[in-house]
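[1] Mind looking at a prediction? Sequence and model below.
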Amino acid sequence: MNIKLVSVAAALAVSAAVAQDYDDEYEEDAPAAAESVQEEAPAAPAPEPAPAPAPAPAPVVNDGFESLTGQTAEAAPAAGDATLNVLHGNAYNQVGNEFAGATIGNAYGGDMGAIYKMSGRNLVYVEPTGEYGALSLAKGSMTYILAFDNGIGQDQGLVTAGLAMGSFGVAVDFVLDKTWASTENKNPANNTKTTSSTSTTRMGDLLQARIGAKLGAMDITAAVYWLTFNDEVDTENDDGLTPKRETDNDFWDLGANLNLSNGPSASSFAWSVGVQFLRQKSWNKTSQGNESTETTNNNAYMQFAPYFNFGLPVLQATGAQVLLGLNTIVPIRIYDEIEKDNGLMAPMTKDNHNMIGVYTSPNILGEIAINENWIVFAEATYQWEAFSRDATSSETGTQSNDASTITMKTHGTMADAGVRFQYKQLTLEASIANNLNSQAWSGLIGNFGAFLIF
């Protein structure tokens, strides 16, 4: 935590020193300096919880609906003064306002999430606080993209490789964390051989494919992914005397995301609409010889979650604006039916479980361009659990038990403020955030990223 704050403070101090040096030059040749900045920071096209809802949301394990809200935000190009229409780092627009300016993003959102929006860009972005780095190289009609991030498991790296061509882009994201082990022992005394093998796939192992395309006034993004959400350990043991014994565990998510937005043409109102699909498999199988036992765990489910986000400017002046937005998602989750064997003379017990909710996240974002070098921004959001219902039922023969819980709640507020500084090819951006419902500054966190844009 302290390291993040020190990095933010250091970045701002360096920025201030460079800015002072620039001001001396600017007084002597202001028009030339202004022209240089405008050429080197051209207007960037727009990017794409949960909820923090996202058109291509991160494949994460959701134990409940709270983490779904606010997961999207395919940002539209900022309207109005050109000084606000710049590419930002990930310290900006953490509230997911749909109308806000473009962010570099990552595999799950922003311009990297939409991938085609990186076309024609030559830049490198490094985010020490988020342990993230991205490189974009434009060569002729092709733009080659490489990024490094972290997976959800321990000591895992996520690699992104992509290609953008004008109004179309494609990318692959992957995390590899697998091991295979085997042993073999021979016993000449009874002429037997004992073998054992183990295959382990760690939580966070991921393969994701994404596309993004501009379709006239609209754009569309889509993703399909396979994620291991818990450690899978499969074993096979053979003692040479009894039938081979095998165990098989499946703990995986198969997910898909589809998003459509008016980002390329939004001038006074930006929106996106989409759907997230998730099938979570949680299953165990033990077999020996001709006998086998299969068990479905109670965290296996299918989920369908449509969402709609919008944002618009409510206050505008030269080089300044205030944006208002709303991100809404409606997740519907149906768990696998669990059957329990109560003995030969007793009827089976069948357990069912389902959840549905409506989550919405109002958000505000204000920003002002102090001059050609400095932009200051501040933003806030909270999650409103407008309605959620968690229902269970259990049937044993003619007996049944039903239970349900309905919740309505306004969750805590998140707010942050930050600055963006640009000097020639260098751009630095940092923000700080704190939970407003906690003791003042007790939960302070820092976000810092740096660009070199060519």
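    Looks like it came in fine. Residues are numbered from 1 along each chain as shown.
[2] and D111, that's in a strand?
    No: going by DSSP: H, G, I helix; E, B strand; the rest coil, the assignment for D111 is helix, not a strand.
[3] how far away is it from L344?
    62 Å (C-beta to C-beta, to the nearest Å). Placement of C-beta: from N, CA and C, glycine included.
[4] For the stretch 51-200 of the chain, which residues score under the pLDDT cut-off?
    51-82 (pLDDT under 70).
[5] and Y144, helix, strand or coil?
    Recorded secondary structure, Y144: strand (three-state DSSP).
[6] number of nearby residues for it?
    Using other C-beta atoms under 10 Å, Y144 has 14 neighbouring residues.
[7] Ok, V159 next?
    15.
[8] and what of S267?
    12.
[9] Can you give me the distance of it to D253?
    Where D253 is concerned, S267 sits at a distance of 38 Å (C-beta to C-beta).
[10] How about N342?
    32 Å.
[11] now do A378
    36 Å.
[12] Between those two, point out the one with more neighbours.
    When neighbours are counted by other C-beta under 10 Å, A378 and D253 differ, and D253 comes out ahead with 21 against 15.
[13] And the pLDDT for the more buried one?
    Note on D253: pLDDT of 97.
[14] Tell me the helices and strands packed up against the strand or helix carrying it.
    Per DSSP states H and E, D253 falls inside strand 245-261. On a contact count with 3 or more C-beta pairs under 8 Å, 6 or more residues apart in numbering; DSSP states H and E, strand 245-261 meets strand 218-228, strand 232-238, strand 270-288.
[15] okay, these in CSV with mean neighbour count and distance to G311 next?
    Listed next are the helices and strands packed on strand 245-261 as CSV, based on neighbours: other C-beta atoms under 10 Å; distance: least, C-beta to C-beta, whole Å:
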stretch, mean neighbour count, distance to G311
strand 218-228, 21, 16
strand 232-238, 16, 40
strand 270-288, 19, 5
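[16] And the ones you listed: which comes nearest L428?
    Set against L428 and scored by C-beta to C-beta, these come closest in strand 270-288, at 26.7 Å.
[17] The closest one packs against which elements?
    Helices and strands touching strand 270-288, by 3+ C-beta pairs under 8 Å, 6+ apart, are strand 245-261, strand 291-296, strand 301-317.
[18] between the second one and strand 245-261, what angle do the directions make?
    For the pair strand 291-296 and strand 245-261, the angle between their directions (axes from the mean of the first three to the mean of the last three C-alpha atoms, to 10 degrees) equals 30 degrees.
[19] quick one, which of D111 and L344 is more surrounded?
    A side-by-side neighbour count of D111 and L344, using other C-beta under 10 Å, places D111 first with 31 against 5.
[20] Tell me if I'm right that the more buried one and G105 touch.
    Yes: D111 is in contact with G105 according to C-beta atoms under 8 Å; the separation is 5.4 Å.
[21] Off-centre distance for stretch 238-245?
    Averaging C-alpha positions (C-alpha atoms, centre = their mean, to the nearest Å) puts stretch 238-245 46 Å from its chain's average.
[22] Repeat that for stretch 132-149.
    19 Å.
[23] and G240, which of the three is it?
    Quick answer, by three-state DSSP: G240 is coil.
[24] Excluding covalently adjacent residues, which one is nearest to S261?
    Spatial nearest neighbour of S261, excluding adjacent residues (C-beta to C-beta, 6 or more residues apart in numbering): S272 at 3.6 Å.
[25] Identify the bridge partners of that neighbour.
    S272 has these beta-bridge partners by DSSP bridges: S261, N309.
[26] these two touch, right, it and G311?
    No: using C-beta under 8 Å, S272 is not in contact with G311, being 9.3 Å away.
[27] okay, and the common contacts of the two?
    E98 (C-beta atoms under 8 Å, 6 or more residues apart in numbering).
[28] how far does the helix or strand T198 falls within sit from the chain's center?
    In this assignment (DSSP H and E), T198 forms part of strand 192-201. Here the centre of strand 192-201 is set off from its chain's centre by 37 Å, with C-alpha atoms, centre = their mean.
[29] what's the angle from that strand to strand 218-228?
    Using the same axes, to 10 degrees, strand 192-201 lies at 150 degrees relative to strand 218-228.
[30] got a list of what the residue lying closest to S287 once chain neighbours are set aside touches?
    With sequence-adjacent residues excluded and distances taken as C-beta to C-beta, 6+ apart, S287 is closest to E246, at 5.1 Å. When contacts are counted by C-beta under 8 Å, 6+ apart, E246 touches D234, T235, E236, N237, K285, T286, S287, Q288.
[31] Cool, thanks, signing off.
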